[in-house]
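Undergrad: Sequence below, structure please.
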Amino acid sequence: MDFGGAAVGGGQGAAGGGVDLMSWYLEIPVVSRLYLTGAFLTTTACAVDLITPFSLYFNWDLIFVKGQVWRLITNYLFFGAFSMDFLFHMYFLVRYSRLLEEGDFRGRTANFVWMLLFGVTMMTLVAAYTGVQFMGNALTFMMLYVWGRRNEDVKMSFLGFLTFHAPYLPYVMLGFSLLLGNPVKVDLIGIVVGHVYYFLEYVYPILAEVRGWPMTRLMEPPMWMHWVCGSYDHFHHD
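TA: Numbers count the residues shown, from 1 in each chain. Purely as a prediction, here's the structure:
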């Protein structure tokens, strides 16, 4: 997915008028801020030759045979060299991660982290069979997909002339990438994984309740995740 910033949607922008960069940064919810920071520091480290992208990409043999387990994480943090394309990716990452964390997942940090871990796990399994080396775009597309499905009435515009509702944004960006001749395999992975998560989190519980199935919540974070995210006491009392 390239030139993602060409799409403009509902919700709050990256920074308001008169707000300095540090204030804007500190206002980003903690999980989204950590992801943005990791991606920015990784790109910076590559730009000044502290590390090389060759030590970051996903490779099954290097991870599980050579023990280079950091690649499970770093392949989600590298979005390419500093460029306009990188800035667009960061815009999309921060925008839709933040909208989710401040919207559907407000006060539910453990659920948000669990969603990201679910996405990373599914995408890592897919990457092992598709030869994809960097999956950050896929995770961004997953968040974009979930946000779109949870905000179906939000109207968006693309390049100022194409208007549509939020659930169609991933497909609009996919079509734009195709028109530019860019590969869309990673974007498609993000959409598919986002759809699987959306079904398990929002559709399956309704089906289970209607049909009387014993397990109604498949995507509920385990207790240790609530403990890590500081919501154990609240969850336990509930």
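
Undergrad: How many residues are close by V192?
TA: Applying other CB atoms under 10 Å, we find 17 other residues in the vicinity of V192. Glycine gets a C-beta too; all of them are placed from N, C-alpha and C.

Undergrad: tell me the contacts of it?
TA: For V192, the contact set (CB atoms under 8 Å, 6 or more residues apart in numbering) is empty.

Undergrad: repeat for G38
TA: Counting by CB under 8 Å, 6+ apart, G38 touches L77.

Undergrad: can you tell me the helix or strand for I191?
TA: Element membership for I191, per DSSP states H and E: helix 185-198.

Undergrad: can you dump the C-alpha coordinates of that helix into PDB?
TA: Output of helix 185-198 as PDB, limited to C-alpha atoms (Å, rounded to 0.1, in the frame of the first residue of the first chain):
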ATOM      1  CA  LYS A 185      -0.100  -9.500  -1.500                       C
ATOM      2  CA  VAL A 186       0.700  -8.000   1.900                       C
ATOM      3  CA  ASP A 187      -2.300  -5.700   1.800                       C
ATOM      4  CA  LEU A 188      -4.600  -8.700   1.000                       C
ATOM      5  CA  ILE A 189      -3.200 -10.600   3.900                       C
ATOM      6  CA  GLY A 190      -4.100  -7.700   6.200                       C
ATOM      7  CA  ILE A 191      -7.600  -7.600   4.900                       C
ATOM      8  CA  VAL A 192      -8.200 -11.300   5.300                       C
ATOM      9  CA  VAL A 193      -6.800 -11.500   8.800                       C
ATOM     10  CA  GLY A 194      -8.800  -8.400   9.700                       C
ATOM     11  CA  HIS A 195     -11.900 -10.100   8.400                       C
ATOM     12  CA  VAL A 196     -11.200 -13.200  10.500                       C
ATOM     13  CA  TYR A 197     -10.700 -11.100  13.600                       C
ATOM     14  CA  TYR A 198     -13.800  -9.100  13.000                       C
END
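
Undergrad: now whichever helix or strand comes after that helix, how far from the chain's geometric center?
TA: Tracing the chain past helix 185-198, the next element assigned as helix or strand by DSSP H and E is helix 204-211. The chain centroid and the centroid of helix 204-211 are separated by 27 Å under CA atoms, centre = their mean, to the nearest Å.
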